[in-house]
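Peer 1: Predicted model follows, preceded by the sequence.
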Amino acid sequence: MENVAIVLAAGIGKRMHSDLPKVMHKICGREMVLYPIDAVKSANFGRVIVVISERMDKSVFKGVDIAYQNVPLGTGDAAKKGLDKVKLLPNDANILILTGDNPLVKSSDIEKFYNAFIESRSDAMLVSADAENPQGLGRIIKNGDVFERIVEEKDATEQQKKIKEINTGIYLFKKGALEKGLSMLSNDNAQGEYYLTDTLYYLKNKGFKVGVYKLERMLPIYGVNTRLELSIAEKIIQREILERLMLSGVTIVNPDSVSIEFDVKIGNDTIIYPGTLIQGKTAIGKGCSIGPNTRIINAEIGDGTSIQFSVVMESKIGANCTIGPFSYVRPGNVFESNVKIGTFVEVKKSKVDENSKIPHLSYIGDATIGKNVNIGAGTITCNFSGLEGPHKKNSTTIEDNVFIGSHSTLVAPVVIHKNAYTAAGSVITREVPEWALAIGRSKQVNKEEWVKRRKRNV
């Protein structure tokens, strides 16, 4: 028997007060809608159809089918759009429908729900739950234990609003029953929309078997509708990520002060200190020390590397490197092993080979630095003259075993060959040969008694 899941994700989400569609808001670095999609995939619903609007970024939805609902006419209309993708399925196929704004649903919840649906031989079934605060959620109306209907908040009476059993937005239908229920929908309600929930009421009145499966666990929220609920979901999923990492051998000092996104990978025996934010598809090796107060975005960090009080973006850092404190590693860098990037150093789009050091107070941009190079304090690569156009950057090449004296200015394009030195305070504008000492200072002139004369003339 074929199982298909339809994820409803085209809603605007007015209560988010955002130009971004609700389900595209991110939780721990990934779009909210991807969490319920993962849940249904893990529950072995082989085919997943996601109903979105055309203004949403389709590239987010990999490995699923796409259906479009461009006019927001409600969940019933969205379900029709998804069902259009599986018209050829037999009437006894099982159709799971859930909303894309429930990132806390787990595959285990769906599996238990599915088993209850099959065992009860129902034509339709929904997942309900008891909510501490049911405000804004559809209420389950029952006659004893028998399902009667779902009433949306805006259509509920004051008495009905006191009911705490709510609709979670998760349903299972036999395909034939779903088609029948959708054909009977009306938009005669406060919202002027076609409610998927009404299909259950119509089907029951037509003699179909409609059941309710109450969720075994109580969740703090059943769907994200506001920024406050978004933050609640973020906190729960963040805790799950941190627990998974800690159980795999990562030490996280004070987890309440650390933020690590969903796709981050960290090796065992790495320590994450307070105030650290790790984002994107960052991969950190074993035995590293990260933080405190560090931000890493889409970077690859080798084993044994230490990063503290620094920002690292879209760069590859080798093993046993030392970054910080107060370093700014901008995108496009490659550091080999045992590289030191020190205090108040900014590096951009540069390659630094093994055992080289940029200890402090320097800017290195568009440079290639060899092995065993020492960059003295206050060194600047002048990679942009402005003469070749607004975007043209020139490169600096520093070969192996070079010593750059403090407060050197390297005016690109320039090459400093192996084993050369530059004198402190030099402005280097020409190629420096191997083994040479380059001195690029202006001649010092001392004006004797100049200060005394100045004071007399004031």
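Peer 2: Looks like it came in fine. Bear in mind the structure is a predicted one, so any value in this text is a computation, not a measurement. Numbers count the residues shown, from 1 in each chain.
Peer 1: Let me see the contact set for Pro359.
Peer 2: Lys340, Gly342, Thr343, Val345, Asn374, Ile375, Ala377 (Cβ atoms under 8 Å, 6 or more residues apart in numbering). All C-beta atoms are positioned from the backbone trio N, CA, C, and that covers glycine.
Peer 1: again, only this time at 10 Å
Peer 2: Thr322, Lys340, Ile341, Gly342, Thr343, Phe344, Val345, Asn374, Ile375, Gly376, Ala377, Thr379 (Cβ atoms under 10 Å, 6 or more residues apart in numbering).
Peer 1: Quick one: the residues you listed as a markdown table, columns for distance to Thr157 and pLDDT too.
Peer 2: Below are those laid out as a markdown table (distance: Cβ to Cβ, whole Å; pLDDT from 0 to 100):
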| residue | distance to Thr157 | pLDDT |
| --- | --- | --- |
| Thr322 | 67 | 98 |
| Lys340 | 70 | 98 |
| Ile341 | 65 | 98 |
| Gly342 | 68 | 98 |
| Thr343 | 66 | 98 |
| Phe344 | 65 | 98 |
| Val345 | 66 | 98 |
| Asn374 | 78 | 98 |
| Ile375 | 74 | 98 |
| Gly376 | 78 | 98 |
| Ala377 | 74 | 98 |
| Thr379 | 75 | 98 |
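Peer 1: If you rank those by neighbours, which is first?
Peer 2: Neighbour counts for the contacts of Pro359, by other Cβ atoms under 10 Å, peak at Ile375, which reaches 31 neighbours.
Peer 1: Now that residue. Nearest residue, chain neighbours left out?
Peer 2: Ile358 (4.3 Å; Cβ to Cβ, 6 or more residues apart in numbering).
Peer 1: Using the three-state scheme, assign the one you found.
Peer 2: Following DSSP: H, G, I helix; E, B strand; the rest coil, we place Ile358 in the strand state.
Peer 1: of all the contacts of Pro359, which comes closest to Lys206?
Peer 2: Ile341 (70.5 Å; Cβ to Cβ).
Peer 1: Test of understanding: give the bridge partners of that closest one.
Peer 2: Under the criterion DSSP bridges, Ile341 forms beta bridges with Ile323, Ile358.
Peer 1: gap between it and Ile323?
Peer 2: With distances taken as Cβ to Cβ, to the nearest Å, Ile341 is found 5 Å from Ile323.
Peer 1: can you list residues touching both of those two?
Peer 2: Ile307, Ser310, Val312, Ile317, Val329, Phe335, Val347.
Peer 1: Which stretches in the stretch 101-250 of the chain count as strands?
Peer 2: Assigned by DSSP state E, counting those that start in this stretch, the stretch 101-250 of the chain shows strands spanning 124-130, 139-143, 146-151, 165-174, 210-214.
Peer 1: Kindly format the C-alpha coordinates of the longest one as PDB.
Peer 2: Spelled out, that is strand 165-174. Output of strand 165-174 as PDB, limited to C-alpha atoms (Å, rounded to 0.1, in the frame of the first residue of the first chain):
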ATOM      1  CA  GLU A 165      -7.800  19.500  23.500                       C
ATOM      2  CA  ILE A 166      -6.500  21.000  20.300                       C
ATOM      3  CA  ASN A 167      -5.800  20.100  16.700                       C
ATOM      4  CA  THR A 168      -2.100  19.700  15.900                       C
ATOM      5  CA  GLY A 169      -2.500  20.000  12.200                       C
ATOM      6  CA  ILE A 170      -1.500  16.400  11.400                       C
ATOM      7  CA  TYR A 171      -4.000  14.200   9.500                       C
ATOM      8  CA  LEU A 172      -4.300  10.800   7.800                       C
ATOM      9  CA  PHE A 173      -6.800  10.100   5.100                       C
ATOM     10  CA  LYS A 174      -7.600   7.300   2.700                       C
END
